[in-house]
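Undergrad: Predicted model and sequence below, questions to follow.
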Amino acid sequence: MKVELLRLALPPAAELCEGRLRCAWRGKNGHWHCGAPGSLAELGERYHARRVEACLHPLDVSLAELSLPPLSRGRLRAAVGGALETLALAPVESLAIGFGPRGEDGRLTAAWAEAPTLRAVLAQLRRHGLAPHALFPPPAFLPWSEGSASACEADGWLWLRSGRNSGLLQALGGQVASGPGEASAERLAALLPAGQAPRWLTLETGTTQADEDALAWSGASWRISLPMPAAGDGRASSWRRAVSGWGVAALALWSLGLNLHVGRLEAEGQALKRHMSARLRAAFPDIQVVLNPLQQARQRQQAGGAGAGGFAGLAQVAALLPLAGEVTGLRFSADEQTLHIEWRRAASALRDALPALQAQALEQGVEIVEEAAGKGLRLTYRQADTAAAAQTP
């Protein structure tokens, strides 16, 4: 039979292969129907479901309500794991943990089960064509509406759904009844708001018609599901771990090789820079500090080269001028062989010493002329010296 949704209430994991499962299904019209109990093989042959959901037996899953501060999703998961260290009977690392949203009062419901148990259960269900899309704690299947809790007793356990994503499981200590027994009533009185009584339902099935019993399977909006580990005997996981380990080793080796290559290129670059610096100092002995050999060589070449001519000769004459703290800019024209010096203001010390400096500069073949409006000086080679230099073979 083809159905839209099949829900299974599982027996204890140790009895899953031989036990009989309660079930219910929902048709395309949205109505729920109870199904006759059957073994895994019988249910796998009877139903072809578009979606399968299963709730674990209370012996295989636990529920607890935790009070936690507001945290991000990642930190909230870590906080839930830390809180379960004192509640779980197994190491937290071996558990499959699911939890719901945190309420305004800071409380949330967490469910947990041992991962090996889940793997064994999933393997059996998949083997019979009943691979579940989600695994829930038992209260998830019970209906709930605002202000209306629901409960049932099954296999010596009390199931209670008290909220959209909250509920509990409690052992009845051997007391089993079709309705609320004295022990259940006392427990529920302490758990539910004053004056609120749950709606009692039953999971007992025996008819395939939509009836009151099917309401116990019709719960919706429950968001706490257990993560489903991959089924297998562990060899596939070991193989994946080995491949992952080799991948990490290969990445580390590649990173080491890349670092060595970068280090070798950096050493070669430093050696080349030292060689270029030495060549620059040999060509231009007056350069004391080398920052960018190639750029400095191009600038000196454009400035007229080394020696008594070009920029170097004019700069040597300009160094004699008492302009300390007054220079705002230098501009050299290679075509005119002229050096322009701009200053902030015409210093009286410079005006007094300018005639003597002009005479001294003429001895070196350089003319010093004051720019218009006293904005600076212009240093240039005398035309006669330039022409003579041009006629020299």
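TA: Structure received.

Undergrad: Can I get stretch 122-130 as PDB, trimmed to CA atoms?
TA: Extracted in PDB, the C-alpha atoms of stretch 122-130 (Å, rounded to 0.1, in the frame of the first residue of the first chain):
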ATOM      1  CA  LEU A 122      19.000   2.500  11.200                       C
ATOM      2  CA  ALA A 123      20.700  -0.600   9.700                       C
ATOM      3  CA  GLN A 124      17.700  -2.800  10.500                       C
ATOM      4  CA  LEU A 125      15.100  -0.300   9.200                       C
ATOM      5  CA  ARG A 126      17.000   0.200   6.000                       C
ATOM      6  CA  ARG A 127      17.400  -3.500   5.500                       C
ATOM      7  CA  HIS A 128      13.700  -3.900   5.300                       C
ATOM      8  CA  GLY A 129      13.000  -0.900   3.100                       C
ATOM      9  CA  LEU A 130      11.900   1.400   6.000                       C
END
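
Undergrad: Now that stretch: buried residues?
TA: Residues of stretch 122-130 classed as buried by neighbour count (16 or more other CB atoms under 10 Å): L122, Q124, L125, L130. Every residue, glycine included, has its C-beta placed from N, CA and C.

Undergrad: per-residue confidence averaged over that stretch?
TA: Mean pLDDT, computed over stretch 122-130, is 95.

Undergrad: got the contact list for it?
TA: With contacts defined as CB atoms under 8 Å, 6 or more residues apart in numbering, stretch 122-130 is touched by 6, 8, 16-17, 40-41, 43-44, 47, 49, 52, 54, 131-132, 135, 228-229, 231-232.

Undergrad: Quick one: the helices in this protein, in order.
TA: Here the chain has its helices, by DSSP state H, at 40-46, 73-84, 115-127, 182-191, 235-283, 293-302, 310-318, 348-363, 383-391.

Undergrad: Hmm, P11 and A154 touching each other?
TA: No - with contact defined as CB atoms under 8 Å, A154 does not count as touching P11 (10.6 Å).

Undergrad: Please tell me how far the spatially most central residue of the chain sits from V80.
TA: Centrality entry for the chain: nearest residue to the mean C-alpha point is G74, 10.4 Å, by CA atoms, centre = their mean. To V80, G74 is 11 Å away according to CB to CB, to the nearest Å.

Undergrad: Report the helix or strand with the lowest average pLDDT across this protein.
TA: helix 383-391 (a mean of 49; mean pLDDT, DSSP states H and E).

Undergrad: Quick check: phi and psi at W144.
TA: Dihedral angles of W144 (phi, psi; degrees, to the nearest 10) stand at phi -150, psi 140.

Undergrad: Once you drop chain neighbours, what's closest to it?
TA: Spatial nearest neighbour of W144, excluding adjacent residues (CB to CB, 6 or more residues apart in numbering): R161 at 4.9 Å.

Undergrad: Next one: that neighbour relative to C55, how far apart?
TA: Separation of R161 from C55 (CB to CB) stands at 11 Å.

Undergrad: chain center to stretch 53-63: distance?
TA: Here the centre of stretch 53-63 is set off from its chain's centre by 33 Å, with CA atoms, centre = their mean, to the nearest Å.

Undergrad: What average pLDDT does that stretch get?
TA: 96.

Undergrad: Show me the contact partners of it.
TA: Identification of contacts with stretch 53-63 by CB under 8 Å, 6+ apart yields 5-13, 87-88, 109-114, 117, 121, 125, 130, 132-141, 155, 157, 159, 167-169, 171, 226.

Undergrad: Repeat the analysis, applying 6 Å as the threshold.
TA: With contact meaning CB atoms under 6 Å, 6 or more residues apart in numbering, stretch 53-63 is reached by 7-13, 111-113, 117, 132, 134-138, 141, 157, 168-169.

Undergrad: Can you give me the first-to-last residue distance of it?
TA: Taking CA to CA, to the nearest Å, stretch 53-63 runs 18 Å from one end to the other.

Undergrad: Now do the end-to-end distance for stretch 120-133.
TA: End-to-end distance for stretch 120-133: 16 Å, by CA to CA.

Undergrad: which residues of the stretch 151-300 of the chain score low on pLDDT?
TA: Along the stretch 151-300 of the chain, the model assigns pLDDT under 70 to residues 174-187, 194-195, 205-213, 230-248, 250-251, 254, 286-291, 295-296, 299-300.

Undergrad: Please repeat the previous calculation with a cut-off of 80.
TA: Applying pLDDT under 80 to the stretch 151-300 of the chain flags the ranges 173-197, 204-213, 229-259, 261, 280-300.

Undergrad: Please apply the same query to the stretch 1-150 of the chain.
TA: Within the stretch 1-150 of the chain, the ranges that satisfy pLDDT under 80 run 147.

Undergrad: repeat that for 90
TA: Low-confidence segments of the stretch 1-150 of the chain (pLDDT under 90): 30, 71-74, 86-87, 89-90, 103-105, 145-149.

Undergrad: Tell me where it has strands.
TA: Remark: strands assigned in the stretch 1-150 of the chain by DSSP state E, counting those that start in this stretch are 2-9, 21-26, 32-38, 48-55, 62-67, 95-99, 107-114, 134-136, 150-154.

Undergrad: which residues does the residue nearest to W144 bridge with?
TA: Counting by DSSP bridges, R161 is bridged to S150, G167.

Undergrad: Do I have it right that it meets A140?
TA: No - using CB atoms under 6 Å, R161 is not in contact with A140; the gap is 7.6 Å.

Undergrad: more crowded one of the two?
TA: Legend: neighbour count by other CB atoms under 10 Å for R161 and A140, higher for R161 (27 against 24).

Undergrad: how's this structure carved up into domains?
TA: The chain is divided into the following domains under automatic domain parsing: 2-232, 234-285, 303-391.

Undergrad: returning to that earlier point: format the strands of the stretch 1-150 of the chain as CSV; extra columns: distance to S255 and mean neighbour count.
TA: Listed next are the strands of the stretch 1-150 of the chain as CSV, based on distance: least, CB to CB, whole Å; neighbours: other CB atoms under 10 Å:
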stretch, distance to S255, mean neighbour count
strand 2-9, 49, 20
strand 21-26, 53, 23
strand 32-38, 57, 19
strand 48-55, 45, 19
strand 62-67, 42, 17
strand 95-99, 34, 20
strand 107-114, 38, 22
strand 134-136, 40, 21
strand 150-154, 57, 23
